[in-house]
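Visitor: Got a predicted structure plus its sequence, pasted below:
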Amino acid sequence: MDKAKATALGIQHLLAMYAGAILVPLIIGNAIGFDSKQLTYLVAIDILMCGVATLLQVLSGRYIGIGLPVVLGCTFTAVTPIISIANNPEQGITAVYGAIIASGLIIMLIAGFFSRLVKFFPPVVTGSVVTIIGVSLLPVSMNNMAGGLGADDFASTQNLTLAFATLLIILLVYRFSTGFIRAIAILIGMVAGTLLAIALNAVDFTPIKQADFVHIVQPFYFGVPTFDASAILTMTLVAMVSLVESTGVYFALGSICKKNISQKELARGYRAEGLASIIGGLFNAFPYTTFSQNVGLTKMSGIKDRRVIVITGVMLVLLGFSPKLAALTLLIPTSVLGAAMLAMFGMVITQGITMLAPSVEKSAENAMIAAIAIGMGVGVSVVPELFANLPDRLSILVSNGIVAGSVTAIVLNILFNMIGPKPKDDPMHS
């Protein structure tokens, strides 16, 4: 393959993951009250660390990296827990990064062991968790469609017009295009929605004017990490769920590349994600996971050469050194961002349902596991005050819907599917 073609394919992979990569820092930064300068840094360092994480994973070594054409980006699983920890007065943003670093180290230490524990995370568990994640994120997207919680123009006609115009464009592109264009429908919708906002004089160009062309990244930009036990446990659970998601991607890519994935290779992949989280935490980025949209692109293009992904990783690193380019993402109006989030979070929910469907259809026990786990996860997300009277350390942990739902799904799966005989009579199929 010549360099020009490899570069073009690398750019294609970058565009396919870009919307997902920038959404996580934008959502988190806005939710915890960062100003435009802090948001610019957050987006820039996130893009750079996506490149570092991708290179760690694709350039396999003796202990690190699975060696498949895989692209890594921030995991949506971490969004709600990070916002919850950052906004907690007893924890804050420094506890977020302490928890990310510690959870990354824990993942590296247990990678070999975890590669043998995949049986504890069957589709009924992972599907429930992914569904809970999608549902718990929806209020964020709806508030943003209205202009952002607490905005002076909340639910104004202009905000709703921009939001639904963006959503309509995403749907039209998705409906009437195929291949790569369809794969970047959300990115196209965000660009079109922002252009419409510019035409309506609803965009502030100040962040771009103030941003530097080049910056040197620095560790502990938002403060020296602090280590809180409940925050660490929360982010470790999040990391484990991300590993299970990544495992599915590894096997999907292994199938595309006609390569059998061994237990040792799984462990190397897990260690790469753990190391990426440690580095990300030091430079104030976020935990990383494999991006499934790039798997679809690999399958669609038929190009399995790892050099293409190396080019993508290098381009992400270079982009991350330019705050001016990162500041471009701050032009996206909150209402436009909300519409893109609605589409993406809705797809997270449908992905969870798709993962759940086969196991729920064939087993009444699995249907009950999913029902209680999703009910608990979504219920606690909606009413976190349920556990307000518990001791603070415990309350902080169980008041997180994703963690509450995850633990419920794991425990119930062990109870129903791994301990003792199963009931002979299945009322769903009798």
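Guide: Here it is on my side, so go on. Every value quoted in this text rests on a predicted model; they were computed, and no experiment measured them.
Visitor: With adjacent residues omitted, what lies nearest to residue 166?
Guide: Distances taken as C-beta to C-beta, 6 or more residues apart in numbering place residue 193 nearest to residue 166, at 3.3 Å, with adjacent residues excluded. (Glycine included, C-beta is placed from N, CA and C.)
Visitor: wait, that neighbour sits on residue 168?
Guide: No: Residue 193 lies out of contact with residue 168 (C-beta atoms under 8 Å); the separation is 9.6 Å.
Visitor: Tell me which of those two has more neighbours.
Guide: Taking neighbours as other C-beta atoms under 10 Å, residue 193 and residue 168 compare with residue 193 leading, 28 against 14.
Visitor: for that one, what are its contacts?
Guide: Residues in contact with residue 193 (C-beta atoms under 8 Å, 6 or more residues apart in numbering) are 162, 163, 165, 166, 169, 332, 333, 335, 336, 339, 340.
Visitor: quick one, strands of the stretch 151-300 of the chain?
Guide: Ranges of strands within the stretch 151-300 of the chain are 288-290, based on DSSP state E, counting those that start in this stretch.
Visitor: and residue 260, how many neighbours does it have?
Guide: 8.
Visitor: who's in contact with the nearest residue to it once chain neighbours are set aside?
Guide: Once flanking residues are discounted, residue 260 sits nearest to residue 254: 6.5 Å by C-beta to C-beta, 6+ apart. With contact set as C-beta under 8 Å, 6+ apart, residue 254 has these partners: 68, 260, 261.
Visitor: Please apply the same query to residue 366.
Guide: Here residue 366 is in contact with 124, 359, 360, 416, 417 (C-beta under 8 Å, 6+ apart).
Visitor: so the last one makes contact with residue 362?
Guide: No: applying C-beta under 8 Å, one finds residue 417 not in contact with residue 362, separated by 12.0 Å.
Visitor: Can you read off the pLDDT for the residue nearest to residue 166?
Guide: Residue 193 is assigned a predicted lDDT (pLDDT) of 94.
Visitor: do the same with residue 302
Guide: For residue 302, the model assigns a pLDDT of 67.
Visitor: go on, the one 5 residues further on?
Guide: Confidence at residue 307, expressed as pLDDT, is 87.
Visitor: I figured it hits residue 5, correct?
Guide: No: at 10.4 Å, residue 307 and residue 5 do not qualify as touching, with contact defined as C-beta under 8 Å.
Visitor: of these two, who's got more company?
Guide: The neighbour count for residue 307 versus residue 5, taken as other C-beta under 10 Å, is higher for residue 307 (16 against 12).
Visitor: Leaving out the residues flanking it, which one is nearest to the more buried one?
Guide: residue 6 (5.6 Å).
Visitor: Helices - which of the contacts of residue 254 land there?
Guide: Among these, DSSP state H puts none in helices.
Visitor: Closest one to residue 51 out of these, please.
Guide: Set against residue 51, the nearest of these by C-beta to C-beta is residue 68 (16.7 Å).
Visitor: okay, the closest one: pLDDT?
Guide: Residue 68 is assigned 87 on the pLDDT scale.
Visitor: In CSV, list the contacts of residue 254 along with distance to residue 91.
Guide: Formatted as CSV, the contacts of residue 254 follow (distance: C-beta to C-beta, whole Å):
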residue, distance to residue 91
68, 36
260, 43
261, 37
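Visitor: Residue 185: which of those is nearest?
Guide: For these, the nearest to residue 185 is residue 68 (25.4 Å; C-beta to C-beta).
Visitor: now the closest residue to the closest one other than its chain neighbours: how far from residue 171?
Guide: Once flanking residues are discounted, residue 68 sits nearest to residue 253: 4.6 Å by C-beta to C-beta, 6+ apart. Going from residue 253 to residue 171 by C-beta to C-beta, to the nearest Å gives 29 Å.
Visitor: again with residue 145
Guide: 15 Å.
Visitor: Name the residue in those two with the higher neighbour count.
Guide: Ranked by neighbour count (other C-beta under 10 Å), residue 145 and residue 171 place residue 145 first, with 25 against 13.
Visitor: In space, what's closest to the more buried one - neighbours in sequence excluded?
Guide: Sequence neighbours aside, residue 338 is the residue nearest to residue 145 in space, at 3.5 Å (criterion: C-beta to C-beta, 6+ apart).
Visitor: which secondary structure element contains the one you found?
Guide: Element membership for residue 338, per DSSP states H and E: helix 334-361.
Visitor: Which elements pack onto that helix?
Guide: helix 3-31, helix 123-145, helix 157-176, helix 185-199, helix 364-382 (3 or more C-beta pairs under 8 Å, 6 or more residues apart in numbering; DSSP states H and E).
Visitor: Measure how that helix sits relative to helix 157-176, angle-wise.
Guide: Angle of helix 334-361 versus helix 157-176, following axes from the mean of the first three to the mean of the last three C-alpha atoms, to 10 degrees, is 50 degrees.
Visitor: Just the buried positions in helix 334-361, please.
Guide: For helix 334-361, a neighbour-count test (16 or more other C-beta atoms under 10 Å) marks 334-345, 348-349, 351-353, 355-356, 359-360 as buried.
Visitor: Also stretch 100-115?
Guide: Neighbour counts using 16+ other C-beta under 10 Å place 100-108, 110-112, 114-115 of stretch 100-115 among the buried residues.
Visitor: In TSV: these, plus secondary structure and pLDDT.
Guide: Supplementary listing: the buried residues of stretch 100-115 in TSV, determined by DSSP: H, G, I helix; E, B strand; the rest coil; pLDDT from 0 to 100:
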residue	secondary structure	pLDDT
100	helix	95
101	helix	96
102	helix	96
103	helix	95
104	helix	95
105	helix	96
106	helix	95
107	helix	94
108	helix	94
110	helix	92
111	helix	92
112	helix	89
114	helix	86
115	coil	83
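Visitor: starting at the chain centroid, how far to the helix or strand hosting residue 95?
Guide: Residue 95 belongs to helix 93-114 when assigned by DSSP H and E. Its chain's C-alpha centre and that of helix 93-114 lie 16 Å apart, by C-alpha atoms, centre = their mean, to the nearest Å.
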